[in-house]
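> Next one to model:
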Amino acid sequence: MLALLDAWFLAPFDYGFMRRAVVGGLALSLAAPPLGVFLVLRGMSLIGDAMAHAILPGVALGFLLAGFSLPIMSVGGVLFGLLVALLAGAVSKMGGQREDAAMASFFIISLAAGVMLISIGGSSVDLTHVLFGSILAINSTALLLIASISTLIVIILAIIFRALVVECLDPLFLRGQSRRSGWVHSVFLGLLVLNLTAGFQTLGTLMAVGLMMLPATSARFWSKRLEGLIGIAIVLAMIASTGGLLLSFHLDIPSGPSIILLAGVGYLLSALFGRYHSLAAKLRRKTTPLALE
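Next up is the predicted model:
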C-alpha cells in the first residue's frame with residue numbers, strides 16, 4: 001500500500017520538471033483565488049475572462065520580438081492588459097456604456113489581434129503554446145518570474161484589502177470618504193492583469209482564468225465569510241493544481257486542461273454537496289420542516 005502511494009504521489013516529483021511545475025502551480029494558487037473571490041463579490045466574474053484575452057496581443061508582440069522569452073512576453077502582456085483596462089474605463093466614462101460591455105468588446109478585438117499576430121510570425125505549435133500553456137515546460141527563470149509576481153500580488157492585496165472589501169460592500173461610502181477611491185479599482189485591475197500574465201506560461205491565455213474563478217465560485221458553496229471564501233478557494237486551487245499535474249503524469253494527458261478540469265470537478269461537487277446554496281443544502285431545508293412535523 002505504501003509503495004503504491006509512493007509511486008502515485010511522491011515518485012513523480014523525483015523529476016525536476018515536475019518539481020518546478022508543482023511550485024509554479026502552488027504559487028499561482030496562492031495569488032489567483034483571492035482575486036477570483038473579489039471578482040465574484042463585485043459581480044465581475046466574466047471580467048477575468050475578458051482580461052485573460054486582453055493580454056494576448058502583448059504576449060504575441062513579445063513573441064514576435066524575442067521568441068519564447070517569458071520576461072519579454074510577460075512585459076508585453078502586462079502593458080497591453082493595462083492599456084485595454086484603461087481604454088475600457090475611458091469608453092465607459094465617455095460613452096455611458098457599462099464597463100463590462102466595453103471590456104467584452106475590447107477582449108474580442110484583443111483575441112483576434114493576438115491570434116493574428118502569432119499566426120503571422122509563428123507556427124500552429126507556437127499558437128497552441130501561447131493559448132494553452134505548458135506548465136511542465138517552465139524553467140527556473142519562468143518559475144522565478146511566476147513566484148515573484150504571485151508574491152507581489154499577495155503583498156499589494158494585503159495592503160489594499162480593507163479598501164477593497166469596503167468597495168465591494170459599499171462603493172458609495174468609499175467614494176464619500178476619499179476622492180482617491182477610483183485608485184482601488186485601478187489597482188485591482190492591475191493585479192488581475194499581473195496574475196493572468198504570470199498564469200499564461202503555465203495554463204495559457206485561454207485557461208489561466210480557470211484557476212482564478214473555479215475555486216472562487218466553488219468556495220461560495222462552503223462559506224459565507226470572506227476569510228473562509230479566500231481560504232477555501234486557495235486550498236481548492238492547490239488541490240486542483242497538484243492533482244491535475246499528477247493525473248497528467250500518470251495518464252499521459254495535457255497538464256493544463258487536467259488542472260482546470262479537476263477544478264471543474266471540485267465546482268460540480270461543491271454545487272451538489274456544499275454547505276450553502278447547493279442541491280444537498282436545498283434538500284436539507286425541504287426535509288427539515290417535515291421532520292419537525
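> which regions of the stretch 51-200 of the chain lie under the pLDDT threshold?
In the prediction, the stretch 51-200 of the chain carries residues with pLDDT under 70 at positions 95-97, 99-100, 121-131, 170-182.
> Quick one: the helices in it, in order.
Listed in chain order, the helices of the stretch 51-200 of the chain (DSSP state H, counting those that start in this stretch) span 56-66, 70-95, 99-121, 124-132, 140-159, 161-169, 171-177, 181-207.
> Ok, which of those helices comes nearest Tyr15?
Counting by Cβ to Cβ, Tyr15 lies closest to helix 140-159 out of the helices of the stretch 51-200 of the chain; the figure is 14.4 Å. C-beta here means a position set from N, CA and C on the backbone, and glycine is covered the same way.
> and the angle from that closest one to helix 181-207?
Computed with axes from the mean of the first three to the mean of the last three Cα atoms, to 10 degrees, the direction of helix 140-159 lies at 150 degrees from that of helix 181-207.
> Show me what helix 140-159 is packed up against.
helix 16-41, helix 70-95, helix 181-207 (3 or more Cβ pairs under 8 Å, 6 or more residues apart in numbering; DSSP states H and E).
> what's the closest of the ones you listed to Glu167?
Closest approach to Glu167 among those is made by helix 181-207 (5.2 Å; Cβ to Cβ).
> buried residues in the closest one?
For helix 181-207, the buried set under the neighbour-count rule, 16 or more other Cβ atoms under 10 Å, comprises 181, 184-185, 187-207.
> and if you look at stretch 266-281?
The neighbour-count criterion (16+ other Cβ under 10 Å) identifies Gly266, Tyr267, Ser270, Ala271, Gly274, Ser278 as the buried residues of stretch 266-281.
> Equivalent analysis for stretch 223-234, please.
Of the residues in stretch 223-234, those buried under the neighbour-count criterion (16+ other Cβ under 10 Å) are Ser223, Leu226, Leu229, Ile230, Gly231, Ile232, Ala233, Ile234.
> any idea of the mean pLDDT in it?
The average pLDDT within stretch 223-234 is 94.
> distance between it and the chain's centre?
16 Å (Cα atoms, centre = their mean, to the nearest Å).
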